[in-house]
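>>> Generate coordinates for the sequence data below:
(one chain, ligands or ions: 1)
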Amino acid sequence: MMDRKFQKFQPKICYDIPISFLTDKDECDGNRRRAIEGKLVQTLIVPKKSARTWTMQRGDLCRISLIEGSQVGDLNLWNLDNTHEHFYSGKTRQLHSSHLKVYDKLWSCLPYLQPMATFVYDSLSDYGIDSDGGSLHDVIGTRCDDYTYKLITGKERFGSCHSYLREAIKEHNLKEADVHDVWNIFMCTGFTKDTNQYFCKPSPAQKGDSIEFIAEMNLLLALSACPQGDVSLQVGQFVPDSLCHPFLVEIYRP
Ligand SMILES: [Zn+2]
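As a prediction, this is how the structure comes out:
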């Protein structure tokens, strides 16, 4: 048998040109400043190993902070006025990159494809992309769930971002099928260079770190504090409570 030979082409960025024009950075910084100088309209705690929901008006700024220690979280977003429209992590990944940076937008599912929120501040932005290709705040993974846990370990479990989100959204009459692929905040992930396998690292985020985004439409949001905590132990291992922490969520209105 002859080895088949393939011609190797140079990669081309698929969506580079149109997207780079979509965020006016000065306008974005101004919107952030006006929101923070405005009114703090809501604060809530997402306790460790659980999920909570909240709503935002268009133009509101959401700050999510680590108030006790390192912790990763999974965020879901819906259009408050039409919950069929929700966050589309796959298209957001294609339009921007596998890990979101300040000024990137979070896009909604088809047929809507509208910006739902704009990422406006990240205290961890200096982390960048490490030598393994690891970076923060990915739109790669899905969310930890008890079905995959059972597939791998053979054991039943209740305790995952998916199940926390499923329970939290019941108060808004949303169902399990409404939980969708997430924005994976504060988590450090990438793909191995030799086998393209998904990897994670302990989160470099610490007490005091925060991210902020501005709502581009009226939003319903749900955030889970992952039972993997700071992800310093490999998935499947028992994670003690001491490695898990709550989030503080603050909503500012210009
Ligand atoms: Zn999780």
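
>>> what residue ranges in the chain score low on pLDDT?
Counting by pLDDT under 70, the chain shows low-confidence ranges at 1, 17-21.

>>> List, one by one, the residues from it near the ion.
Selection of the chain residues close to the ion by C-beta under 5 Å from the ion yields 144, 161, 226. All C-beta spots, glycine's among them, are computed from the backbone N, C-alpha and C.

>>> For the protein, which segments are assigned as strands?
Chain-ordered strands for the chain, with DSSP state E as the definition, fall at 39-46, 51-56, 61-66, 73-79, 82-86, 105-107, 115-122, 135-138, 183-191, 198-201, 210-215, 219-225, 247-253.

>>> What strands line up against the third one, and which way round?
This points to strand 61-66. Strand 61-66 pairs in its sheet with strand 210-215 (antiparallel), strand 247-253 (antiparallel), by DSSP bridges.

>>> List the contacts of the first one.
For strand 210-215, the external contacting residues (C-beta atoms under 8 Å, 6 or more residues apart in numbering) are 28, 31-32, 35, 56-66, 106, 116-124, 137, 185-186.

>>> try the longest one
Residues from elsewhere that reach strand 247-253, judged by C-beta under 8 Å, 6+ apart: 35-36, 38-46, 52, 54, 56-57, 59-67, 71, 73, 223, 225.

>>> and that strand with strand 73-79, angle?
Here strand 247-253 runs at an angle of 30 degrees relative to strand 73-79 (axes from the mean of the first three to the mean of the last three C-alpha atoms, to 10 degrees).

>>> Could the C-alpha coordinates of strand 247-253 be exported in PDB?
Output in PDB follows, covering the C-alpha atoms of strand 247-253 (Å, rounded to 0.1, in the frame of the first residue of the first chain):
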ATOM      1  CA  PHE A 247     -18.700  33.800  44.000                       C
ATOM      2  CA  LEU A 248     -19.900  37.300  44.600                       C
ATOM      3  CA  VAL A 249     -22.100  38.700  41.800                       C
ATOM      4  CA  GLU A 250     -22.700  42.500  41.600                       C
ATOM      5  CA  ILE A 251     -24.900  44.300  39.100                       C
ATOM      6  CA  TYR A 252     -24.200  47.900  38.300                       C
ATOM      7  CA  ARG A 253     -26.600  50.100  36.400                       C
END
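
>>> For the residues of the chain next to the ion, pick the one with the most neighbours.
residue 161 (30 neighbours; other C-beta atoms under 10 Å).

>>> tell me the contacts of it?
By C-beta under 8 Å, 6+ apart, the neighbours of residue 161 are 51, 73-74, 143-145, 182, 224, 226-227.

>>> swap in residue 113?
88, 91, 107.

>>> Kindly recompute the last result at 10 Å.
85, 88, 91, 95, 107 (C-beta atoms under 10 Å, 6 or more residues apart in numbering).

>>> Next: residue 123.
Here residue 123 is in contact with 65-66, 205-206, 208-212 (C-beta under 10 Å, 6+ apart).

>>> One more pass at 8 Å, please.
208-211.

>>> and the gap between it and the ion?
Distance of residue 123 to the ion, computed by C-beta to the ion, to the nearest Å: 21 Å.

>>> same deal with residue 57?
28 Å.
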